[in-house]
Every structure is written in C-alpha cells, then in structure tokens.
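# prediction below, plus the sequence it came from.
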Amino acid sequence: MVEGTAVGVFNVSGALHAIEAKCTHVGGPLEQGVVSGTVVTCPWHGSQFDLTSGAVRRGPANRPVRSFPVRAEGVSLIVELP
C-alpha cells in the first residue's frame, strides 16, 4: 500500500515496474498474477496488463491500470504517486 493505493511492484530482468494492484475488471489481485515478460495476468479472470504502461493486453478488463515511476534506494523502493 502506498498512500492508500494498492501497488504491485515487479522486477523484470532487473527493471522495476509499479502498477495499481487491482484489476480493473472486478478488482482481482494483480500482485498475485503470473508474469510473462512485461505482462501480468490477473489470477481471477485472466485479464492481462502491460507492466510498463498499465495498458490492457487482453480482457475481459477494458480499462488500463495506473502505472507509477518506481526506483530502488538502498533496501527501499520509492513509488511516486501522482
């Protein structure tokens, strides 16, 4: 949780990506989804989202999730919310 927003942070080959962790279809937990390359699949109904932008890659979701800048500082992760 970052300032009341559920955020999933994913490490893809050393590159960090942060997206809103609730699927826009019915709120599935994206942080529990399967990651393949830069795509995460919602464990509830199979919607897929691009980790780099939050864009929908496959429905049933039809709205993107928000993506956020993220960086590592020592042992901390810094996620920038708008």
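Ah, there it is.
# export only the CA atoms of stretch 2-9, formatted as CSV.
What follows is stretch 2-9, C-alpha atoms only, in CSV (Å, rounded to 0.1, in the frame of the first residue of the first chain):
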residue,chain,number,x,y,z
VAL,A,2,1.3,3.4,-0.9
GLU,A,3,-0.8,6.4,0.4
GLY,A,4,-3.9,4.2,0.4
THR,A,5,-3.4,2.7,-3.1
ALA,A,6,-2.6,-1.0,-3.6
VAL,A,7,0.5,-1.1,-5.7
GLY,A,8,2.3,-4.1,-7.2
VAL,A,9,6.0,-3.8,-7.8
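# buried stuff in it?
Across stretch 2-9, burial judged by 16 or more other Cβ atoms under 10 Å covers 2, 7-9. C-beta: built from backbone N, CA, C; applies to glycine.
# out of these, which comes closest to Val39?
Among the buried residues of stretch 2-9, Gly8 lies closest to Val39 (Cβ to Cβ), at 13.0 Å.
# what packs against the strand or helix carrying the closest one?
Element membership for Gly8, per DSSP states H and E: strand 7-12. Packing contacts for strand 7-12, counted by 3 or more Cβ pairs under 8 Å, 6 or more residues apart in numbering; DSSP states H and E, involve strand 15-20, strand 76-79.
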